[in-house]
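**Q** Following is a predicted model, sequence given first.
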Amino acid sequence: MSDKFTLDMLDIPSGWRRGEGDWTGVAAAMARGETVEVIQEVGSTLWQNSLPEKHSLYWDGENISTIKARIWISFTQRRFSPESVLPKVQWHPRVLWIGIGCERGTGRELIETAIQNVCRGYHLAESAIAGIATIDTKAGEVGLLELCQARNWPLKTFAADILSSVEVPNPSNIVVKQVGTPSVAEAAALCAIELISCTILKNRQDACSTILNNRQDACSTKSESACGVGILPAQQRLLVPKKIFRSQNPPPLQGGVRAGSAVTVAVAVCPIEYLG
């Protein structure tokens, strides 16, 4: 049996997704025992506890002068130059929650295109998406359900009174009149990351369990940390404020009713990756 330390020996959480990069080149560098730099921006670090004593991984910030390869762990979609002599790869923990607001009858294609445009515009990896969040009145929206099923994304929904309790940068009086909350996309994205954080911490018998026992809804997003996680301040957890996308070609009438032609997208980053 070989005693070489290889890429496959990393005990990476099962929910992480492999991104672009020179996986063969990084694996070869590790097998040769060469210095491989790890830059981890998000996700659990528990995988580091299973590393063997003799490994060649070093972390961002350490004094490294002989780097032969690099591993990025983030939600960012990086484009590596094919001319680079340094092989690089990227892992994407699922930490992004997409808040969606849409008109009734909006099709899957428009919702998916809106999400893709936001990801490209903000250099976000689609494989880092954990799931979709919206208001509970959209729980049966066919376009959303089709998209979530196709992409294996969970759909989290929240009542209007829960969403209305969330502080957001772009509240709308028009939305209040329509659905009873000044925000759907931004508030739902924030509620989703609070719910995931609190649920996981509760399962770990963390301090968050006290909050969950006192409240049946998501934890307060007005606090400066997600249920004591304390990694990102509230204003930074909303990674992308709401963006509105409209169809260039209004859909035809269906049964005398025109299908939805507008989608609102917001993105929040959770301090804990989704492994469901």
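**A** Looks like it came in fine.
**Q** So which residues of the stretch 101-250 of the chain form strands?
**A** Applying DSSP state E, counting those that start in this stretch to the stretch 101-250 of the chain gives strands spanning 129-135, 155-158, 238-246.
**Q** tally of neighbours for residue 120?
**A** Using other Cβ atoms under 10 Å, residue 120 has 11 neighbouring residues. For every residue, glycine as well, the C-beta is placed using N, CA and C.
**Q** Please tell me how far it sits from residue 126.
**A** Distance, residue 120 to residue 126, by Cβ to Cβ, to the nearest Å: 9 Å.
**Q** Any idea which helix or strand in this protein has the lowest mean pLDDT?
**A** The helix or strand of the chain with the poorest confidence is helix 208-214; it has a mean of 40 (mean pLDDT, DSSP states H and E).
**Q** Low-confidence stretches in the stretch 101-250 of the chain?
**A** 198-236, 249-250 (pLDDT under 70).
**Q** Spatially central, which residue of the protein would that be?
**A** Residue closest to the average C-alpha location in the chain (Cα atoms, centre = their mean): residue 96, at 1.1 Å.
**Q** Show me what that residue is bridged to.
**A** Beta-bridge partners for residue 96, by DSSP bridges, are residue 129, residue 269.
**Q** can you pull the contacts of it?
**A** Contacts for residue 96 (Cβ atoms under 8 Å, 6 or more residues apart in numbering) come out as 75, 124, 128, 129, 130, 239, 267, 268, 269, 270.
**Q** which of those are buried?
**A** Among those, those classed as buried by 16 or more other Cβ atoms under 10 Å are 75, 124, 128, 129, 130, 239, 267, 268, 269, 270.
**Q** From what I see, residue 6 and residue 29 are in contact.
**A** No. Between residue 6 and residue 29 there is no contact under Cβ atoms under 8 Å: 10.3 Å.
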